[in-house]
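In: Mind folding the following:
(2 chains)
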Number of protein chains: 2
Amino acid sequence: MIIHHTIEDFRAWRSGLESKTSVGFTPTMGALHEGHLSHIRSLYGHVDQIVASVYVNPSQFSPGEDFEKYPRDLEGDARKLQNAGCNVLFYPNDSEMYPSGFSTAVSVQGVTDRYEGFFRPAYFQGVATIVCKLLNVVDPDVMTLGQKDAQQVAVIQRMMIDLNLRSRIQVIETVREEDGLAMSSRNVYLSPGDRREALTIHHALLTAKVSIAEGRSIHDVTEIMRGIISSKFKIDYCDIVNPATFSTHVSPNGPLLAIFAGTIGSTRLIDNIVLR
Amino acid sequence: MIIHHTIEDFRAWRSGLESKTSVGFTPTMGALHEGHLSHIRSLYGHVDQIVASVYVNPSQFSPGEDFEKYPRDLEGDARKLQNAGCNVLFYPNDSEMYPSGFSTAVSVQGVTDRYEGFFRPAYFQGVATIVCKLLNVVDPDVMTLGQKDAQQVAVIQRMMIDLNLRSRIQVIETVREEDGLAMSSRNVYLSPGDRREALTIHHALLTAKVSIAEGRSIHDVTEIMRGIISSKFKIDYCDIVNPATFSTHVSPNGPLLAIFAGTIGSTRLIDNIVLR
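Out: Numbering: from 1, shown residues only, chains lettered A, B, ... in the order given. The predicted model follows:
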């Protein structure tokens, strides 16, 4: 696996590929786990070259969030990526991505108004801006994004349509621990006790899925989820939404997504489940 | 000359080019005059394919500006472009560029704080967003921009660096009428009397250039310009700035640009001159 630290080096490699070479891309913030590696594996055999980026993007952390203590492990990440079949790792530093004088932002309205957009004010503008930059550097045919960050998928899809970016998004199912907890780089922050209680999230989401299938109302199912989770978590939000708009205005037989974010101990976790 | 009305059609043409084919691009709002055509001519012979776009972008007009009455003449524009050597005209409509649900904006801080950014609140965000979109559709090697819109050049250059857009900017000198008035699609709004008085702008800018060359201070030269122009125009601004930042903090021997915007009758004109 090749590691490029600069945009110039990456572009020299990229422009050396034949024009019919297909490129798949997985953007990450490192601290890689099976969830990330499932992105690489989903690309393996389907594109000619697999590119991953590892960059802890400061602009998507709000004040008071865990930017400083966010786990970093380049050596481990590089080994895992190589073993999963990744061909190129793009690993820039801050001065490469935000050079002196940087002053541009990409923002998406509407789908960012609530939920993660409300609780993490810097988040989606930071994400939209860095993903726009990475897409312009990497120029992939397909980019993988994780279903676990479902609102992020909706925001980036909106941005890519609106700015006429040519890549296609491939959404990758959430990978879970054996007991159902969604994998997250932030799970390392959990105490053993909180780790056990965190199972409540998946239990509540599965209960919501079963309850919707049984024909119960969105209102009732939302209350059931909240009842289960609130015993263990301080809830930021727990709702049922349209997965494209993240609005609670849903059509009678349209798609439904149950979403959750909340805090246990000092760790904030999010998860979601497709209800239909 | 081929005319493409949709992004899909344009992209089908673009992706059919061999990868080593060089593409030059001139974005316009139509109502083409010699100023625009000088862009096409500057590309002629230097790139393999010349693309122009004609699109009156609603999002860069502020409330009360001339969006509705902005001159439109597709037939004349197409004939002029073809005669100047343009190969492809991209001529989209509003629903092509801003489809239902559009909600993304590209914004640039700092260089947009003053001057056009102050007097035309919607302008630079509208320009940055549409140019980002057009660059993603056209994917040119070089894009021409006019020196007449000097602050726009600085904003777009900043945006392209920050978002890692691969194209290079080629700045084209302002084309003037024989008597010195900068060509502008908005000159058609001028009454014969105002048209004569409008010469005052170029006279003041030339006087500034001579005065700086004679070693007079920036403060004095600014006052001289303002004195000349204020007899005929309602001045929005008339200043001497750093052309990269549009700040009046200039270095002792650094580049200087004299800039002007103001209104005569009901017509707003802008112009500038490189002082050193």
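
In: I'd say residue A:73 and residue A:30 touch.
Out: Yes. Counting by Cβ atoms under 8 Å, residue A:73 does reach residue A:30; the two are 6.6 Å apart. Quick note: C-beta positions are derived from backbone N, CA and C, even for glycine.

In: So between these two, which is more surrounded?
Out: residue A:30 (22 against 14; other Cβ atoms under 10 Å in any protein chain shown).

In: For the residue nearest to that one when sequence neighbours are not counted, which residues are in contact?
Out: The spatial neighbour of residue A:30 that comes closest, neighbours along the chain excluded (Cβ to Cβ, 6 or more residues apart in numbering or on different chains), is residue A:54 at 4.1 Å. By Cβ atoms under 8 Å, 6 or more residues apart in numbering or on different chains, residue A:54 lies in contact with A:28, A:29, A:30, A:32, A:74, A:77, A:89, A:90, A:91.

In: Pull up the residues of the stretch 101-250 of chain A that are close to chain B.
Out: A:101-111, A:128-129, A:132-133, A:136-137, A:158-159, A:161-166 (Cβ under 8 Å from any Cβ of the partner chain).

In: PyMOL command to pick out the buried ones of those residues?
Out: PyMOL command restricting these to the buried ones, with burial defined by 16 or more other Cβ atoms under 10 Å in any protein chain shown:
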select buried, chain A and resi 102+103+104+105+106+107+108+110+111+128+129+132+133+136+137+158+159+162+163+164+165
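
In: Give the rounded mean pLDDT of stretch A:62-80.
Out: Computed over stretch A:62-80, the mean pLDDT rounds to 92.

In: Check stretch A:152-170 too.
Out: Stretch A:152-170 comes out at a mean pLDDT of 98.

In: Return that stretch as PDB; C-alpha atoms alone will do.
Out: C-alpha atoms of stretch A:152-170 as PDB (Å, rounded to 0.1, in the frame of the first residue of the first chain):
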ATOM      1  CA  GLN A 152     -24.200  12.800   7.400                       C
ATOM      2  CA  VAL A 153     -25.100  10.500   4.400                       C
ATOM      3  CA  ALA A 154     -28.100  12.700   3.700                       C
ATOM      4  CA  VAL A 155     -26.100  15.900   4.000                       C
ATOM      5  CA  ILE A 156     -23.300  14.700   1.800                       C
ATOM      6  CA  GLN A 157     -25.700  13.300  -0.800                       C
ATOM      7  CA  ARG A 158     -27.400  16.700  -0.900                       C
ATOM      8  CA  MET A 159     -24.100  18.500  -1.300                       C
ATOM      9  CA  MET A 160     -22.900  16.300  -4.000                       C
ATOM     10  CA  ILE A 161     -26.100  16.600  -6.100                       C
ATOM     11  CA  ASP A 162     -26.100  20.400  -5.500                       C
ATOM     12  CA  LEU A 163     -22.500  21.000  -6.400                       C
ATOM     13  CA  ASN A 164     -22.500  18.600  -9.300                       C
ATOM     14  CA  LEU A 165     -19.800  16.300  -7.900                       C
ATOM     15  CA  ARG A 166     -19.600  13.300 -10.200                       C
ATOM     16  CA  SER A 167     -19.000  10.500  -7.600                       C
ATOM     17  CA  ARG A 168     -21.600   8.000  -6.500                       C
ATOM     18  CA  ILE A 169     -22.200   7.200  -2.800                       C
ATOM     19  CA  GLN A 170     -22.300   3.600  -1.600                       C
END
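
In: who's the residue nearest to residue A:30 bridged to?
Out: residue A:28 (DSSP bridges).

In: Domain map for chain A?
Out: A:2-172, A:185-271 (automatic domain parsing).

In: Span of stretch A:27-46 from start to end?
Out: Terminal residues of stretch A:27-46 lie 17 Å apart, using Cα to Cα, to the nearest Å.

In: buried sites along that stretch?
Out: Buried-residue list, stretch A:27-46, by 16+ other Cβ under 10 Å: A:27-33, A:35-40, A:42-43.

In: Equivalent analysis for stretch A:50-63, please.
Out: The neighbour-count check on stretch A:50-63 (16+ other Cβ under 10 Å) flags A:50, A:51, A:52, A:53, A:54, A:55, A:56, A:57, A:59, A:60, A:61 as buried.
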